[in-house]
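Asker: Structure of the sequence below:
(2 chains)
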Amino acid sequence: MLELKFVRSNLGDIKEMMKIRGYDLDISGFETLDQERRGKLSVLEGLRHQRNRVSEDIAAMKKRGEDASSIITEMKEVSSEIKGKEKELPGILKKLNDLLMVIPNIPDESVPVGKDENDNPVIRTWGEIREHDFAPRPHWEIGEELGILDFECAAKLAGSRFAVYRGAGAKLERALISFMLDIHTNEHNYTEILPPFMVNAASMVGTGQLPKFKEDLFKVEGWDLYLIPTAEVPVTNIHRDETLSGEDLPIYYVAYTPCFRSEAGSYGKDTRGLIRQHQFNKVEMVKFVRPEESYDELEKLTRNAEEILRRLELPYRVVSLCTGDLGFSAAKTYDLEVWLPGQDLYREISSCSNFIDFQARRAGIRFKRGGGKGTELVHTLNGSGLAVGRTLVAILENYLQGDGSVAMPEALKPYMGGMESISAT
RNA sequence: GGAGAGAUGGCCGAGUCGGCUGAAGGCGCUCGCCUGCUAAGCGAGUGUAGGGCGCAAGUUCUACCGAGGGUUCGAAUCCCUCUCUCUCCGCCA
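Answerer: Numbers count the residues shown, from 1 in each chain, chains lettered A, B, ... in the order given. Below is the predicted model:
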């Protein structure tokens, strides 16, 4: 969410910004609403002021034993006038707020202008693509043949876009989660969090999933609870409506959670395999930092995510999302794309974003500098480190051997109980 | 699920029969003074949001004592609903 004052004085720039982001949003009602709100508010406050003053007089008169009944009848009118006016305000406020809630964040100056993902510039590329004398294959074939992935069974249990992992496949997923968490906690200084996998609406509003992206979420029937679409939601909301002390910053959290997404609007996309599921595992890094450090922290965060791919020796590249591809709340985002030989393309496996004060304002996350007075909004960042299911996909496709087995990355072997490779049983 | 207790500022904790309580007192913190040594003492300050005025420092008004509603000229104080926490019982992994 942007600041009301900022929107008021930068309306033209905001319209321009939404255009380069590819947002078609009508905010023309803003000015009228804002003025209406201010007008009514000042009238109302004047009346309340009067009421407060006279109330004091009444109290004083009563103390002296005087008769205040004539003023009291007079104040009855003022009071009912206040009540009438008080009823008008919430409606205006809500409309204004609704408008404010759907305005996206302002992209950082360094974000390239572009229309869609084809305009995302590649920042760097890492790793050697393995050459083989056999044809690469997609992971769903590899997984089903090895008996470690079962989509048919998942369809019976839940429907499409789910998977059952079996045997070494289940173990590999679990190994990846531990591997990632260990690196981020032991080497990158993150504190591990295991949050609730369901949250209330207030949390969803705090990180921006609501009200704009309601249709992407699974809601629990009869409860004010939603399945989290990413650990970003519970973990960022840990500090919702809190004022942190300056010495606490920066705060680094890492959390493994399953993620639940309706994937409404992606019918027919990535229907095969593990790429796009209603439920998938992810290890997520979340940072709360001082404003002046947030862009350095974004670089570090991205490197932390890259480190996982390097240890697993998976080729990847880093792209910078252009204005047209940038998410709603982000000011700047780097995507990590891993090489998938079975599909002959680079595929997003991590998204690292700086939200600057956008989420913090919405969620009320502030801090106080030592010695300073007043509070400031923190800057929040988050990034996948990494999407676990897609990492498993990358391992299956990149480590496929000529005999149909899949070798284990060196770094993962300890987590797999020394297993050298997965072969059909 | 049943019975009871509670929810006040960064923290602890007062708020009497509704009326100078944005809220006593304490702690913490900040600044200054004092003190020749990390102690103690003294003084001042110390919430958030929104509006008006001001170039600004600032100033002024309004709101906020878990949330929402009600009673009243006036509510942290009375009434209702909800949420959460705690204790006891039941149930359960």
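
Asker: Contact partners for A:Asp335?
Answerer: A:Asn120, A:Val318, A:Val319, A:Leu321, A:Glu348, A:Ser350, A:Ser351, A:Cys352 (C-beta atoms under 8 Å, 6 or more residues apart in numbering). C-beta: built from backbone N, CA, C; applies to glycine.

Asker: at 6 Å what do you get?
Answerer: A:Val319, A:Glu348, A:Ser351 (C-beta atoms under 6 Å, 6 or more residues apart in numbering).

Asker: among the residues you listed, which ones are buried?
Answerer: Among the contacts of A:Asp335, those scoring as buried are A:Val319, A:Ser351 (criterion: 16 or more other C-beta atoms under 10 Å).

Asker: Narrow the contacts of A:Asp335 to those in helices?
Answerer: Counting by DSSP state H, no part of the contacts of A:Asp335 is found in helices.

Asker: A:Ile72 versus whichever residue of chain A sits closest to RNA strand B, what's the distance?
Answerer: Nearest residue of chain A to RNA strand B (C-beta to the nearest atom of the strand) works out as A:Ala59 at 3.0 Å. Taking C-beta to C-beta, to the nearest Å as the measure, A:Ala59 falls 11 Å from A:Ile72.

Asker: in the helix or strand bottoming out on mean pLDDT in chain A, what's buried?
Answerer: Across the helices and strands of chain A, mean pLDDT, DSSP states H and E gives its lowest value to strand A:242-245, namely a mean of 79. Going by neighbour count (16+ other C-beta under 10 Å), the buried part of strand A:242-245 is A:Leu244.

Asker: distance between that strand and the chain's centre?
Answerer: In terms of C-alpha atoms, centre = their mean, to the nearest Å, the centre of strand A:242-245 is found 21 Å from the chain centre.

Asker: So stretch A:62-78, near RNA strand B or not?
Answerer: Yes. Counting by C-beta under 7 Å from any atom of the strand, RNA strand B is contacted by stretch A:62-78 at A:Lys62, A:Ile72, A:Met75, A:Lys76, A:Val78.

Asker: got the end-to-end distance for that stretch?
Answerer: 20 Å (C-alpha to C-alpha, to the nearest Å).

Asker: which residues in the stretch 301-425 of chain A form strands?
Answerer: Listed from the start of the chain, the stretch 301-425 of chain A has strands (DSSP state E, counting those that start in this stretch) covering A:316-320, A:332-340, A:345-354, A:365-368, A:376-377, A:379-387, A:406-407, A:421-422.

Asker: picking up where we left off before, neighbour count for the residues of stretch A:62-78 next to RNA strand B - can I get that in TSV?
Answerer: Putting the residues of stretch A:62-78 next to RNA strand B into TSV (neighbours: other C-beta atoms under 10 Å) gives the following:
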residue	neighbour count
A:Lys62	12
A:Ile72	15
A:Met75	18
A:Lys76	10
A:Val78	14
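
Asker: Can you list which of those residues are found in strands?
Answerer: When these are checked against strands (DSSP state E), there are no matches.

Asker: Quick check: the farthest pair among these?
Answerer: Across the residues of stretch A:62-78 next to RNA strand B, the longest distance by C-beta to C-beta is 18.2 Å; it joins A:Lys62 and A:Val78.

Asker: In contact with A:Ile349, which residues are there?
Answerer: By C-beta under 6 Å, 6+ apart, the residues touching A:Ile349 are A:Leu336, A:Val338, A:Leu386, A:Ala387, A:Arg390.

Asker: cutoff 7 Å now
Answerer: In this structure, A:Ile349 makes contact with A:Leu336, A:Glu337, A:Val338, A:Leu386, A:Ala387, A:Arg390, A:Thr391, A:Ala394, judged by C-beta atoms under 7 Å, 6 or more residues apart in numbering.

Asker: pLDDT wise, what is the residue lying closest to A:Gly374 once chain neighbours are set aside at?
Answerer: Spatially, and ignoring its direct neighbours in sequence, A:Gly374 is nearest to A:Lys368 (7.6 Å; C-beta to C-beta, 6 or more residues apart in numbering). We have a pLDDT of 78 for A:Lys368.
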